[in-house]
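*Asks:* sequence isn't available, so here's the structure alone:
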């Protein structure tokens, strides 16, 4: 019996929750999967899985073997990656997911430079603002703009963006300028649908003191460019990331409201599934993006945001 292969089959059965799904993932037959698990149980002299017509469950011995077996397979993959990485050239299709506004403004200008440096890598870039499941949806890498960071994937921080409350000069001429956070409740506001706090804006002042303000949103949207356009048109007050509106603020098309308050900062992150066995194409892309955003990002440079 090939014990390493048997560990791989067993761990995959547990991870996929089914002999059939494990067979598909391993590109083999369900009969082979069953054979490996049976041989492993026979070799160890203990049952590893409780089987029923509806589901699989681990025995106590199966739980112990699953955790150790998964670690062994990770270590083998890491050793293989270390042995082969020196000779691997980045090549093949690289699927990337990124937010729409950030992807257009700050990533699209970088792609030609990357492709010139790595001509054997074919970029496949998808833009949307929802949070994708990298593994289930088949992405190699995701760029995420988030306050929460990453809990299930490896994350490399690329940059930070501030979130500022702003409005058009025309709106402020018609409705006046809020002086304290509570004044926002008397104004028409514009909401971002994917915000975790919805219509309750969490503000922080210059001293770090936090306050929560319930606002009245006359419009919601799941797209930053739509929210920016409505704010520029004088529809209401919104909070905006500086990576999107720094130029509008610099040129006076938008005005910062409550200049001594802001929403919590957000990080721009490059996410990928695992530190182990990172492909050459993912590795060079992450290093390229870290290099591209080193230093002060363009939206935070002096003069880019007014008070």
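*Replies:* Perfect, I can see it now. Just so you know, these numbers come straight off a predicted model, no measurement behind them.
*Asks:* tell me who's in contact with the residue nearest the centre of the chain.
*Replies:* Geometric centre of the chain, nearest residue: residue 144, 3.5 Å, by Cα atoms, centre = their mean. With contacts defined as Cβ atoms under 8 Å, 6 or more residues apart in numbering, residue 144 is in contact with 99, 131, 150, 155, 268, 269, 271. (Glycine included, C-beta is placed from N, CA and C.)
*Asks:* try 10 Å this time
*Replies:* By Cβ atoms under 10 Å, 6 or more residues apart in numbering, residue 144 lies in contact with 97-99, 102, 131-132, 134, 150, 153, 155, 158, 266-271.
*Asks:* all strands for the stretch 1-150 of the chain, in order.
*Replies:* Assigned by DSSP state E, counting those that start in this stretch, the stretch 1-150 of the chain shows strands spanning 49-51, 56-58, 92-98, 121-127, 141-146.
*Asks:* repeat for the stretch 201-307 of the chain
*Replies:* Along the stretch 201-307 of the chain, the segments classed as strands by DSSP E, counting those that start in this stretch run 210-214, 216-221, 238-241, 255-256, 261-272.
*Asks:* next, format the strands of the stretch 1-150 of the chain as JSON lines and append mean pLDDT.
*Replies:* Shown next, in JSON lines, are those (pLDDT from 0 to 100):
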{"stretch": "strand 49-51", "mean pLDDT": "87"}
{"stretch": "strand 56-58", "mean pLDDT": "87"}
{"stretch": "strand 92-98", "mean pLDDT": "92"}
{"stretch": "strand 121-127", "mean pLDDT": "94"}
{"stretch": "strand 141-146", "mean pLDDT": "90"}
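*Asks:* now mean pLDDT and distance to residue 294 too, for the strands of the stretch 201-307 of the chain, in a markdown table please.
*Replies:* Formatted as a markdown table, these follow (pLDDT from 0 to 100; distance: least, Cβ to Cβ, whole Å):
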| stretch | mean pLDDT | distance to residue 294 |
| --- | --- | --- |
| strand 210-214 | 91 | 31 |
| strand 216-221 | 94 | 32 |
| strand 238-241 | 94 | 20 |
| strand 255-256 | 96 | 27 |
| strand 261-272 | 92 | 13 |
